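A.B. asks: Generate a structure from the sequence data that follows.
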Amino acid sequence: MSDEFIVLVNRVVVPIGLIAIMFSMGLSLRPREFAEVARNPRAVFGGLFGQLVLLPPLAVAIAALFRLPPAMAAGLFILAICPGGITSNAITYAAKANVALAVVLTTLSSLITVFTIPPLLNWALSHYFVAGEVPPLSVPATMLQLAQMTLAPILGGMLVNYLWPNTAARLTVWLRPASLVVLIAVIAFAVLASVELVIANLLQAGPAAYLLNAASMGLGLLIAALLRLDRNDSLTVAIEVGIHNATMATFLSLSVLKEMSLAITPTIYGIIMILNAGLLVRWLRRRATVAATA
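C.D. replies: Numbering: from 1, shown residues only. A predicted model of the protein is given here:
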């Protein structure tokens, strides 16, 4: 893989992809989405608690369980501290679950993690790497970069929606599916840019990535059961806790830390999470069908 291609992925493809995804998210935000917080506070709290509080220590435990090398362990942690992504909203829509709740959870987690990711990332680097091998990281600069990549596009999309709602509606029709294509393209580019590393480490990083995804979706279902949420909200929380913004994890690995090896686990996870979410939806649909005919 040429250095020019890798630079293109790091500096152009990944940032543009992340901005496009966040902007399309902002375009879809309306007052009725935010009303979901007041209407369904238990589900919102449960989803955010699972994403922001429980997943980081879960990633640390899984990395220790599989004895992952520093770069893979840090990459798994990076993925865990990232918010939900637009993929989770699309899967929620396809599953006929609570799309408004999914949008609220994704948006709130995206806004909150602008401030939580940098200090957590700084801890992970110092925890997993020995002195002299730690990739350089400036917490204030990382916050600024995340704000530029997430806050600004989301707010820009919301502004367009507020000023020109008809235009926003038309843009959403094609930009939402286009954002999914961008997400897939970013994952594909990340695989191509680090294909040798991914193939060489698939057997070691793959099981850990799979377990994190399966456990996080299971954790979402458990939280929903404890909060006594209905079927649609339970499925939504499980998807939101298990489906992460792999584009942001790739951005942090390649563009912020400029360390290719950190992108191995998030890249593998980005593929696994879509497959597992599809299986979860099929399983829950089958259970619902059986219950309805019993």
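A.B. asks: which stretches of the stretch 51-200 of the chain have low pLDDT?
C.D. replies: The model of the stretch 51-200 of the chain has pLDDT under 70 over residues 93-94, 131-133, 175-180, 182-194.
A.B. asks: ok, now with 50
C.D. replies: By pLDDT under 50, the stretch 51-200 of the chain has no low-scoring segment.
A.B. asks: in it, which spans are helices?
C.D. replies: Applying DSSP state H, counting those that start in this stretch to the stretch 51-200 of the chain gives helices spanning 55-65, 70-81, 86-94, 99-128, 139-146, 152-163, 165-193, 195-226.
A.B. asks: can you tell me the distance between the two ends of stretch 256-265?
C.D. replies: 16 Å (CA to CA, to the nearest Å).
A.B. asks: In it, which of the residues would be classed as buried?
C.D. replies: Within stretch 256-265, the residues that qualify as buried are Val256, Leu257, Glu259, Met260, Ser261, Leu262, Ala263, Ile264, Thr265, counting by 16 or more other CB atoms under 10 Å. C-beta: built from backbone N, CA, C; applies to glycine.
A.B. asks: okay, who's weakest in those by pLDDT?
C.D. replies: Note: of these, the lowest pLDDT belongs to Met260, at 78.
A.B. asks: ok, now which ones touch Cys82?
C.D. replies: Residues in contact with Cys82 (CB atoms under 8 Å, 6 or more residues apart in numbering) are Thr113, Ile117, His244, Asn245, Ala246, Met248, Ala249, Leu252.
A.B. asks: Spit out the contact partners of the third one.
C.D. replies: When you say that, I think you mean His244. By CB under 8 Å, 6+ apart, the contact set of His244 is Leu79, Ala80, Cys82, Pro83, Gly84, Gly85, Tyr269, Met273.
A.B. asks: Tell me the one among those residues nearest to Gly47.
C.D. replies: Closest approach to Gly47 among these (CB to CB): Gly84, at 8.2 Å.
A.B. asks: for the helices of the stretch 51-200 of the chain, which one ends up most surrounded?
C.D. replies: Mean neighbour count (mean count of other CB atoms under 10 Å) peaks for helix 70-81 among the helices of the stretch 51-200 of the chain, with a mean of 27.
A.B. asks: by contact count, what packs against that helix?
C.D. replies: Applying 3 or more CB pairs under 8 Å, 6 or more residues apart in numbering; DSSP states H and E, one finds that helix 70-81 contacts helix 55-65, helix 99-128, helix 195-226, helix 246-250, helix 264-293.
A.B. asks: Any idea which of the helices of the stretch 51-200 of the chain gets closest to Ser234?
C.D. replies: For the helices of the stretch 51-200 of the chain, the distance to Ser234 is smallest for helix 195-226, at 3.6 Å, taking CB to CB.
A.B. asks: Next secondary structure element downstream of the closest one?
C.D. replies: Downstream of helix 195-226, the first helix or strand assigned by DSSP states H and E is helix 231-242.
A.B. asks: C-alpha coordinates for that next one, CSV please?
C.D. replies: The C-alpha coordinates for helix 231-242 follow below in CSV (Å, rounded to 0.1, in the frame of the first residue of the first chain):
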residue,chain,number,x,y,z
ARG,A,231,-39.8,-4.7,22.8
ASN,A,232,-39.1,-1.7,20.5
ASP,A,233,-37.2,0.3,23.1
SER,A,234,-35.3,-2.8,24.3
LEU,A,235,-34.1,-3.5,20.7
THR,A,236,-33.2,0.1,20.2
VAL,A,237,-31.1,0.3,23.4
ALA,A,238,-29.3,-3.0,22.5
ILE,A,239,-28.5,-1.7,19.0
GLU,A,240,-27.3,1.7,20.4
VAL,A,241,-25.1,0.1,23.0
GLY,A,242,-23.6,-2.4,20.6
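A.B. asks: helices or strands up against that helix?
C.D. replies: helix 41-49, helix 86-94, helix 99-128, helix 195-226, helix 264-293.
A.B. asks: Backbone dihedrals for His244, please?
C.D. replies: As for His244, its main-chain torsions (degrees, to the nearest 10) stand at phi -110, psi 170.
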